[in-house]
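> For reference, the sequence and a predicted model appear below.
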Amino acid sequence: MNPRPTKVEKIVSHCKSLRDKKVVIPSNLPEGISIQDFSQVRWVPKPWGFEIWLVAEKNLPYALKMIYVQQGTKMSLQYHRTKEEHHVVLAGTLKLHYQPAGQEKVTAAIFTEGSIIQ
């Protein structure tokens, strides 16, 4: 008997179906968010996992991405002068290294499922 898939496995399965052009609307999107058009969805493989670009038009002042980071891997530090980022941890635990505005020291914090980071 196979064990029930975890929340992370379900999210990855939905993401892979998007990559493979099998359009499946994820059931775990936050309330108020729906996807109507999958024609612009892009699967972007990364060394640490993958990104799914749901909204990434250059002329819009925002982007919407689902990011999957494989356990035990790391992403690079990033800096944006004109862009704010908001993160929602859908499943698992996130260790985020960040530099508070006006400070030189990089700080780390742990976030768990359901955390919202701005």
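Structure's in. What do you need?
> in the protein, which ranges drop under the pLDDT threshold?
In the predicted model, the chain carries pLDDT under 70 at residues 1-3, 5, 7-8, 11-12, 14-40, 80, 83.
> residue ranges of the helices in it, please?
Counting by DSSP state H, the chain has helices at residues 7-19.
> neighbours of residue 59, just the number please.
By the other CB atoms under 10 Å criterion, the neighbourhood of residue 59 contains 4 residues. Just so you know, the C-beta spots here come from the backbone N, C-alpha and C atoms, and that holds for glycine as well.
> actually residue 61, not the one I typed
By other CB under 10 Å, 8 other residues sit near residue 61.
> Ok, the one 3 residues further on next?
The number of residues packed near residue 64 is 13, by other CB under 10 Å.
> Tell me which residues touch it, please.
Residues in contact with residue 64 (CB atoms under 8 Å, 6 or more residues apart in numbering) are 53, 54, 55, 56.
> Ok, residue 75 next?
Remark: with contacts taken as CB under 8 Å, 6+ apart, residue 75 is in contact with 46, 48, 69.
> if you look at these, which of them are in strands?
The members of these that map onto strands under DSSP state E are 46, 69.
> Buried among the contacts of residue 75? Need that as a selection in PyMOL.
Selecting the buried subset of the contacts of residue 75 in PyMOL, with 16 or more other CB atoms under 10 Å as the burial test, is done by:
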select buried, resi 48
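> mind putting the contacts of residue 75 in CSV, distance to residue 97 included?
As requested, the contacts of residue 75 are arranged in CSV below (distance: CB to CB, whole Å):
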residue, distance to residue 97
46, 17
48, 14
69, 13
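> quick check, nearest of the contacts of residue 75 to residue 98?
Of all the contacts of residue 75, residue 69 has the smallest distance to residue 98: 15.3 Å, by CB to CB.
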